[in-house]
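> coordinates only, no sequence provided:
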C-alpha cells in the first residue's frame, strides 16, 4: 500500500456468495500497469454505516495510509463515507457509468438533435480547464434547446465529480472508470462458486492472489530478459526503454510515436505551440496544445497535464524535446512508480537466473509467446484455403507429437 496507495478503484456491483452480500474489492495498479487486489470485504447493505466500517477497517489494515485518489461508481452512501473516513482522498465517480446512464435517458433526445452527442463529448473530453468546460457548456445551451432536459442539468450539477478537467492534476493513471474493478470481478467468477461458503471464498481468494503475484513476477522477468523493438533512434526513447518496466515503456512508445502527428512553432522565448498536421489525433483531438519551457531549470509543462494524470510525459512535451534537440529526459519526469524500483527496498532487477523463473511464470510466458506467434501465422494462412490447410496439417502433427511427449 505504501507504494501503490496513489490510485485505487473501488466497486460493489458484484454479488458473490449464497448470502447475497456485495463483494467490495480495493483494486490498485502496480508498476507494470496491472490490476491487483489490496484488500476486499463483504457488506450486508450498501449503506454509509457499512462503508464506514469497511473503509475504517481497510485503513487500519493499511497502517493508516489512505488512498490519495479513489474512483467509484456514483453511490451517494459510498461518497459520504469516503469523505468521512478518507477526508484527504480525491474522490472521482466512474465516467463510464455516468455516460451509460446518460445514453439510456437521453438516447431519444440525442437522436432528434444531430450533432449534440459529438459536441457534448468534445466539451467533456477536450476541455482543459473548468473555465473552458463552463464556456463550452454555455455554448451547448445556446446551440441546443435539448440541453434544458433535467438529466443534462443533473450532469452539470455533479460535473466536479466526473468531468476530466476537474481531475487533470490528480493521479488517475490510464483510468477514468471502475473498469479495473469490473475486470477483476470477471476473473473472480472463474474462481468462486456463489453457492459456497465465505470460507471457500477465502481459499479461492488466496489462489487469486498467488496468480496475481505470479503474473507480476513474469512481468518483472520480461522487463529484465526480453527485448522489445524501439520505434525510433532517439536517445530519449532508449532512456525510457532502460528506465520503465516493459509494459510502461510500450505505453511511452505509443505516446512518443504521436510526435509525428504534430508540428511546433515558438510563441516567445519559453512558450511553444504544438499543432496537428492532420485532422484528428487519438486521445487529443484536433486542437493545439501549449508547452512552457525553462530549459536551464529542466522544467517543461504542457496544458494537457498528462504528466500529472498518468505519470508519463505527453507527446507534446516530447515533440518540443525533439524540436529543441533535448537528448535526455530530466530525471524528475521519470517517476519511480513506473520502474522496477517502485517498491522500496526491492531489488532493481530480479535476483534469479533465467532458469530459476517459477514454473507457473514460465508457463505463462510460453503461452503468451505462442499466442502471438499463432496469431501472426493465422493472419498469413487466412489468405487462402490451401494456406489454411497447410497450417491445419501441421497442427494435427504437432498435437500427435505433443501427445506422445506427454505419455
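Yep, it's here. Small disclaimer: the values here were computed from a predicted structure and weren't measured.
> please make it C-alpha for all contacts and neighbour counts, starting now.
Fine.
> now do stretch 153-164, average pLDDT.
In this model, stretch 153-164 carries a mean pLDDT of 94.
> shaky segments in the protein?
Across the chain, the ranges flagged by pLDDT under 70 are 1, 13-19, 182-189, 191-196, 344-358, 361, 364-365, 368-369, 372, 407.
> mind listing the strands for this protein?
According to DSSP state E, the chain carries its strands in the segments 8-10, 14-15, 22-29, 35-42, 69-72, 90-93, 262-266, 271-276, 289-294, 299-302.
> point out the most buried one among those.
Looking across the strands of the chain with neighbours counted as mean count of other CA atoms under 10 Å, the highest average goes to strand 8-10: a mean of 26.
> ok, residues contacting it?
Here strand 8-10 makes contact (CA atoms under 8 Å, 6 or more residues apart in numbering) with 24-29, 67, 69-73, 178, 180-181.
> farthest pair within those?
Taking CA to CA as the measure, the contacts of strand 8-10 span a maximum distance of 17.9 Å, between 29 and 73.
> follow-up on the earlier one: out of the contacts of strand 8-10, who's nearest residue 140?
For residue 140, the closest of the contacts of strand 8-10 turns out to be residue 73, at 26.4 Å, with distances computed as CA to CA.
> so who does the closest one touch?
Taking CA under 8 Å, 6+ apart as the contact definition, residue 73 lies against 10-11, 93-94, 97, 178.
> can I get the residues you listed in TSV with distance to residue 308?
Putting the contacts of residue 73 into TSV (distance: CA to CA, whole Å) gives the following:
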residue	distance to residue 308
10	21
11	24
93	18
94	19
97	24
178	19
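> most centrally placed residue in the chain?
residue 174 (3.1 Å; CA atoms, centre = their mean).
> can you pull the contacts of the residue nearest to it when sequence neighbours are not counted?
Nearest in space to residue 174, with sequence neighbours left out and distances taken as CA to CA, 6 or more residues apart in numbering, is residue 310 at 6.0 Å. When contacts are counted by CA under 8 Å, 6+ apart, residue 310 touches 171-174.
> likewise residue 270?
Neighbour list for residue 270: 292-294 [criterion: CA under 8 Å, 6+ apart].
> repeat that for residue 305.
168-169, 314.
> make a markdown table from the contacts of residue 270 and add distance to residue 4 to it.
Below are these laid out as a markdown table (distance: CA to CA, whole Å):
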| residue | distance to residue 4 |
| --- | --- |
| 292 | 30 |
| 293 | 30 |
| 294 | 31 |
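> ok, these vs residue 229, which is closest?
Sorting the contacts of residue 270 by how near they are to residue 229, with CA to CA, puts residue 293 at the top with 30.3 Å.
> ok, the closest one touching residue 303?
No. Residue 293 sits out of contact with residue 303 when judged by CA atoms under 8 Å, with a separation of 11.8 Å.
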